[in-house]
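Q: Sequence first, predicted coordinates after that:
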Amino acid sequence: MRRMLLALLLALSGCASHQIDTFGNYNNVALTAVDSRHIASDISQFIQQTRGARTIVNFNNDHSLFATTLSNTLRQNGIGVTQAQQVYPNLHYRVEALNAHQFVVTVQIDRRHFSRIWSLIDDVLVPLPTRTQFGG
């Protein structure tokens, strides 16, 4: 049932015209609260590993479910999150459908960005084992 629902939501979202929000973030995938927490936790852990736990990011967002979940998860894991303070590196995200069962999540912190593909397999959301990183 969940697989059919996600496939339907991905198909419908592919037909809609999605715009980047006023802060530069983009999402054309309907995520559940559980899926949002799972993805946000993965992002937070990767930021901790690559930038350190004392990182502070400027994360302006539209307070959507995913943006709020990401912001809260970063804070819970010791990463500072501010808004409208340009002295810290800017964090932006993109969640883009690839097909009915896969989407890619890209996070950009200043000039560096990293991506991971997520797939719905047997009604379970799983990340592909590899992650791409660009910039420095």
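A: Perfect, thanks for sending it. Only a predicted model underlies this, so the values are computations on that prediction, with no experimental measurement involved.
Q: after the biggest strand by length in the chain, next one along is what?
A: The longest strand of the chain (DSSP state E) is strand 112-121. Remark: after strand 112-121, the chain's next helix or strand is strand 124-127, criterion DSSP states H and E.
Q: Could I get the average pLDDT for that following strand?
A: The pLDDT scores in strand 124-127 average 93.
Q: who does the helix or strand that it is followed by touch, helix- and strand-wise?
A: Proceeding N to C from strand 124-127, the next assigned helix or strand is strand 132-134, under DSSP H and E. In terms of contacts (3 or more Cβ pairs under 8 Å, 6 or more residues apart in numbering; DSSP states H and E), strand 132-134 is packed against strand 112-121. For every residue, glycine as well, the C-beta is placed using N, CA and C.
Q: The strand it packs on pairs with which strands?
A: Paired with strand 112-121 in the same sheet, following DSSP bridges, are strand 102-109 (antiparallel), strand 124-127 (antiparallel), strand 132-134 (antiparallel).
Q: Distance from the longest one to the middle of the chain?
A: Yep, that's strand 102-109 we're talking about. Centre-to-centre, strand 102-109 and its host chain are 6 Å apart (Cα atoms, centre = their mean, to the nearest Å).
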